[in-house]
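1. With the input below, show me the fold.
(one chain, ligands or ions: 2)
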Amino acid sequence: MKQVIIATKNAGKAREFQELLTKKGVEVKSLLDFPNCPDVEETGNTFAENAILKAEAMAHYFQTIVIADDSGLAIDALHGRPGVYSARYAGEEKDDQKNIAKVLEELKGVPFEKRTARFHCALAVAAPGRRTTVVEATCEGYITEAPKGENGFGYDPIFFVPQKGKTMAELSKEEKNQISHRAKALAKLEKQWDEIMNGKE
Ligand SMILES: O=c1[nH]c(=O)c2ncn([C@@H]3O[C@H](COP(=O)(O)OP(=O)(O)OP(=O)(O)O)[C@@H](O)[C@H]3O)c2[nH]1
Ligand SMILES: [Mg+2]
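-> Ligands and ions are numbered 1, 2, ... in the order given. Just a heads-up that it's a prediction; the model follows:
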């Protein structure tokens, strides 16, 4: 089976790529399969810049084509925070529960209609000697007042999806994968897919 390397150490993301790409008959590898691979510092100011940093560093390391995902949550009432700092919002240990608690605390007293937010996903495709490409997509919703649901990862339990009437964490994986920022960004890579799969330079 053909392989694709996703340059992520986030188990939730890796699982979603696995789910999203099984219908393509592709084996998904993530950086969790390569424990010795280096960490890439996310020094960019945008999701796209960080996705490019991760993709290019890992394409260089593996000497093959890779896809990196940089994503996060932008909350209007918090002027776009946590944004590119979503993973580490409440500290370097990247604790989803602490991140959720911090967001809910900051939004205390903000009424539902002003709790608009969106998930962003930037995907960068990089390969040695090739120009890197980036696609981006978003998923709109509202931040709830309390977590609900067990599925997904990150901020999913507090992200209400209006068209489903549920939080992202209450959706089945199939439902999340129909509407998520990650699924929509991946769909934009469709035209490049043959090239991505024929990978090695
Ligand atoms: O509820 C969520 N549902 C999602 O679908 C989702 N996608 C992203 N996020 C949040 O944004 C951070 C990404 O930061 P990020 O792109 O730097 O990834 P990361 O540091 O976790 O792993 P890596 O890919 O960099 O190795 C993650 O940790 C999460 O907090 C999500 N939260
Ligand atoms: Mg990261």
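
2. ok, Lys184 to ligand 1 distance?
-> 11 Å (CB to the nearest ligand atom, to the nearest Å). Any C-beta I mention is one placed from the backbone N, CA and C, and that applies to glycine too.

3. Arg88 too?
-> Using CB to the nearest ligand atom, one gets 7 Å for the distance from Arg88 to ligand 1.

4. Does that residue touch Lys94 like I think?
-> Yes. Applying CB atoms under 8 Å, one finds Arg88 in contact with Lys94, separated by 5.7 Å.

5. So for whatever residue of the chain ends up closest to ligand 1, what's the nearest residue that isn't a sequence neighbour?
-> Closest to ligand 1 within the chain is Gly154: 2.4 Å, counting by CB to the nearest ligand atom. In this structure, Gly154 finds its nearest non-sequential neighbour in Asp96, 5.6 Å apart by CB to CB, 6 or more residues apart in numbering.

6. Now do the same contact list for the one you found.
-> Phe153, Gly154, Tyr155 (CB atoms under 8 Å, 6 or more residues apart in numbering).

7. And the buried ones among those, selectable in PyMOL?
-> Buried members of the contacts of Asp96, defined by 16 or more other CB atoms under 10 Å, are picked up in PyMOL with:
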select buried, resi 154+155
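
8. and the residue nearest the centre of the chain, helix, strand or coil?
-> The geometric centre of the chain, computed from its C-alpha atoms, lies nearest to Ser71 (CA atoms, centre = their mean), at 3.9 Å. With DSSP: H, G, I helix; E, B strand; the rest coil as the basis, Ser71 sits in strand.

9. Beta-bridge partners for it, please?
-> Using DSSP bridges, the bridge partners assigned to Ser71 are Cys121.

10. Per-residue pLDDT of it, please?
-> Looking at Ser71, its pLDDT stands at 98.

11. ok, it - contacts?
-> Lys13, Phe47, Ser86, Phe119, His120, Cys121, Ala122, His181, Arg182.

12. Please apply the same query to Ala169.
-> Pro147, Lys148, Gly149, Glu150, Asn151, Gly152, Asp156, Pro157, Phe159.

13. For those residues, which single residue is the most surrounded?
-> Phe159 (29 neighbours; other CB atoms under 10 Å).

14. wait, doesn't that residue sit right on Arg118?
-> No. At 9.2 Å, Phe159 does not count as touching Arg118 under the criterion of CB under 8 Å.

15. which neighbours do the two share?
-> Joint contacts of Phe159 and Arg118 (CB under 8 Å, 6+ apart) are Leu73, Gly141.

16. Could you tell me which residues of this protein lie near ligand 1?
-> Where the chain comes near ligand 1, counting by CB under 6 Å from any ligand atom, the residues are 8-10, 13, 42, 69-73, 86-87, 99, 119, 152-156, 159, 168, 180, 182.

17. So in the chain, where's the weakest helix or strand by average pLDDT?
-> Sorted by mean pLDDT, DSSP states H and E, the helices and strands of the chain end with helix 193-197, the least confident at a mean of 84.
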